[in-house]
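Chemist: missing the sequence, but the structure's below:
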């Protein structure tokens, strides 16, 4: 028999804000202060409700045990060559963090080079990015504590693993770019209060790019690029393959558009003073440009300028107005392009949400298609100085295969280098189908549906549908042990909906689900759920939805708009308060997707769906589990806290279904989260789902 939970009583303030003539009550604004005693007590009180409820989910412990068993298999990245050594990341199975290995050649065993598991006892200090010097003698790497976006950069020798004295602090949203003289790196940092550790909400503004010369103090680093009149612009960099040019990317948000500035590095002095003198090759925010390679002053870019599904184009710095097509736009999305063996281009296309690989030359002539099954290319290594490349393939039923491609032969033969396999379960028992369904406005939208073979379409199958739909991010096939367990032991169906706002079909698909068109993302997701019910996969009582970050916004919005369609909602680190998201940490960058609440027209878009402000006055609402974390300085916890306080106040007495939040500690937005925490969270989510749908575990 169901029992209504007793929720903490959250105090309410009389805060009311006038937004473009609209009076907006904000009674829980006090939850925006993460350091206040009231907020900490509220978090503790919420965890005192959610923790016993999750622990009481009958399936949780058996799910966790099975997940721990099946997840314990070796996992590896593609090897890459730096200097005269190869490096790859490897996890023996249940290690909290991947370990970086070094090997003399591809036929010799690797040895531990850098083990992030030694950074902390509980695995909550993680390796962020890493970058080897041009000669391979040095490694610069960044470290993240408790999942925060703040980074610390350290340096070590590759010959003996000894660390240098250099340490760089206050790093955030940064590239790590070595100059080819191996004397220093370019990196990005913010001015940061000493107390900032990832739990603060302060807006990140006025990022700067510096050059650090090894052996010097960080306080003497050379300021290379800054934007004193544009507090929200950010920059990143890379050095051209020839080492002569520094390419500076300038962005003003998350929109896939950027400027390209180029600095001619003094080959004698290197970077000796700043700000850098730059040639503004592209000085507008009209399109995306990514450097591929250069031949002298002729540069090659992967771009969507006049090509919504991208192309490769070249331009000579001596004639910057004359751009030439190298690989013209075609009917499928050109996802990325890389240069290898000096004059070969590896192109990865996205064709109806699965990847294909081709090899071209710099003349734009197609030389070869690399055979692939339907799935995703999730790893790549290969540089202009290499006569080989590696790529990693995966799918919903393939854990991972690393292929080696020999580029010294005109036939470009590929062979399996490493193949991941699971023991204890037969992956041949499962199948994936791609189904197209009609959205509210008639648009055909694809989704992947994975389940055990022989599934009966009787409308009773527990189904978990995942979505994202934003920021030009494409959802392609990926492997998940948790999903396999859900399908095998709980009779589940797993679905991924490729809704608008993502990048699956290029610029038009992306722009079709953002800003004034954001509702189309929600319509697509709701239509996917309706199609699953219509085709007999499931029914509203057996349909759950899941998403994180922008996908958490998607889940919360769809719960509000169609509470009758979904039985369970798993809502990870969601964006919820659409009137104030831009005021915290890097939230201002999301205005490119959501619009600017300070602009009246944009505010009117947001009014229609902001989850915090559109909770229905209904007796029907999905069982909802919100998940956030104390060190999430990407989507700060206040979104989840204000939302849970509001729905518990408004709906807590109307429904017996649980409305709960779990606030994790020493965790962030997701990157770098240790394996132990990931497995625990997954078991709690599926345990919650099973409890709410009354599912029984089947051996």
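Modeler: It's in. As the structure is a prediction and not an experimental result, all values here were calculated from the model.
Chemist: tell me, how many neighbours does residue 108 end up with?
Modeler: Residue 108 has 9 neighbours, counted by other C-beta atoms under 10 Å. The way it works is simple: take the backbone N, C-alpha and C, and place the C-beta from them, glycine included.
Chemist: got it, and residue 454?
Modeler: 7.
Chemist: Repeat that for residue 169.
Modeler: For residue 169, using other C-beta under 10 Å, the count is 12.
Chemist: residues contacting it?
Modeler: 152, 189, 192, 218 (C-beta atoms under 8 Å, 6 or more residues apart in numbering).
Chemist: now it: how far from residue 570?
Modeler: Using C-beta to C-beta, to the nearest Å, residue 169 is found at 36 Å from residue 570.
Chemist: Run a quick neighbour tally on residue 354.
Modeler: 18.
Chemist: Which residue, other than its chain neighbours, is closest to it?
Modeler: Excluding the flanking residues, the one nearest residue 354 by C-beta to C-beta, 6 or more residues apart in numbering is residue 374, at 4.5 Å.
Chemist: In this model residue 448 seems to touch the one you found, though I could be wrong.
Modeler: No. The pair residue 374 and residue 448 fails to qualify as a contact (C-beta atoms under 8 Å) at a distance of 9.5 Å.
Chemist: Quick one: mean pLDDT for the helix or strand hosting residue 437?
Modeler: Using DSSP states H and E, residue 437 sits in strand 430-438. Mean pLDDT, computed over strand 430-438, is 98.
Chemist: on that earlier part again, pull out the buried members of the contacts of residue 169.
Modeler: 152, 189, 192 (16 or more other C-beta atoms under 10 Å).
Chemist: my guess is residue 334 meets residue 345, correct?
Modeler: No. The criterion here is C-beta under 8 Å, and residue 334 misses it with residue 345 at 10.5 Å.
Chemist: Could you tell me which residues touch both of these two?
Modeler: 312, 327.
Chemist: between those two, who's got more neighbours?
Modeler: Neighbour count, other C-beta under 10 Å: between residue 334 and residue 345, residue 345 has more, with 26 against 23.
Chemist: and the more buried one, helix, strand or coil?
Modeler: Secondary structure state of residue 345, per DSSP: H, G, I helix; E, B strand; the rest coil, is strand.
Chemist: So it sits against residue 357, correct?
Modeler: No. With contact defined as C-beta under 8 Å, residue 345 does not count as touching residue 357 (11.2 Å).
Chemist: For the two, list the residues in contact with both.
Modeler: With C-beta under 8 Å, 6+ apart as the test, residue 345 and residue 357 reach no residue in common.
Chemist: returning to what we had before: which neighbours do residue 374 and residue 448 share?
Modeler: What both residue 374 and residue 448 touch, as defined by C-beta under 8 Å, 6+ apart, is the set 432, 434, 477.
Chemist: Tally up the residues packed near the first one, please.
Modeler: Put plainly, it is residue 432. 17.
Chemist: distance of it from residue 69?
Modeler: Counting by C-beta to C-beta, the gap from residue 432 to residue 69 is 23 Å.
Chemist: what's the answer for residue 522, then?
Modeler: 38 Å.
Chemist: These two: who's more crowded?
Modeler: residue 522 (25 against 15).
Chemist: so which helix or strand takes in that one?
Modeler: Judged by DSSP H and E, residue 522 forms part of helix 518-534.
Chemist: what's in contact with the helix or strand just after that helix?
Modeler: Counting by DSSP H and E, the next helix or strand C-terminal to helix 518-534 is strand 543-548. The contact list for strand 543-548 (C-beta under 8 Å, 6+ apart) reads 462-468, 525, 529, 532-533, 553-555, 558-559, 565-574, 622, 670, 685, 689, 692-693.
Chemist: List phi and psi for residue 594.
Modeler: As for residue 594, its main-chain torsions (degrees, to the nearest 10) stand at phi -100, psi -20.
Chemist: Now do the helices in the protein.
Modeler: Per DSSP state H, the chain carries helices over the ranges 37-55, 58-71, 481-489, 507-511, 518-534, 550-561, 591-594, 600-607, 638-651, 675-693.
Chemist: so can I have CSV of these showing distance to residue 282 and mean pLDDT?
Modeler: Shown next, in CSV, are those (distance: least, C-beta to C-beta, whole Å; pLDDT from 0 to 100):
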stretch, distance to residue 282, mean pLDDT
helix 37-55, 44, 98
helix 58-71, 44, 98
helix 481-489, 41, 98
helix 507-511, 17, 98
helix 518-534, 28, 98
helix 550-561, 27, 98
helix 591-594, 17, 98
helix 600-607, 27, 98
helix 638-651, 35, 98
helix 675-693, 40, 98
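Chemist: Please work out which of those helices is packed deepest.
Modeler: Between the helices of the chain, helix 550-561 has the highest mean count of neighbours, a mean of 26, where neighbours are mean count of other C-beta atoms under 10 Å.
Chemist: Show me what it is packed against.
Modeler: helix 518-534, strand 543-548, strand 568-572 (3 or more C-beta pairs under 8 Å, 6 or more residues apart in numbering; DSSP states H and E).
Chemist: so what strands line up beside the last one?
Modeler: Looking back up the chat, that one is strand 568-572. Here strand 568-572 has these sheet partners by DSSP bridges: strand 543-548 (parallel), strand 623-629 (parallel).
Chemist: Can you tell me which of the ones you listed is nearest to residue 487?
Modeler: For residue 487, the closest of these is strand 543-548, at 13.4 Å, according to C-beta to C-beta.
Chemist: for the record, mean pLDDT for the closest one?
Modeler: Strand 543-548 comes out at a mean pLDDT of 98.
Chemist: how about low-confidence regions in the stretch 101-250 of the chain?
Modeler: 193-195 (pLDDT under 70).
Chemist: 80 instead, please
Modeler: Within the stretch 101-250 of the chain, the ranges that satisfy pLDDT under 80 run 192-196.
Chemist: any idea where the strands of it begin and end?
Modeler: Taking DSSP state E, counting those that start in this stretch to define them, one finds strands in the stretch 101-250 of the chain at 111-114, 125-132, 138-145, 151-157, 163-171, 177-178, 184-189, 208-213, 222-226, 234-239, 245-251.
Chemist: Reformat the ones you listed as a markdown table; add distance to residue 495.
Modeler: A markdown table is the format used below for the strands of the stretch 101-250 of the chain (distance: least, C-beta to C-beta, whole Å):
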| stretch | distance to residue 495 |
| --- | --- |
| strand 111-114 | 38 |
| strand 125-132 | 30 |
| strand 138-145 | 32 |
| strand 151-157 | 35 |
| strand 163-171 | 38 |
| strand 177-178 | 40 |
| strand 184-189 | 38 |
| strand 208-213 | 42 |
| strand 222-226 | 44 |
| strand 234-239 | 35 |
| strand 245-251 | 33 |
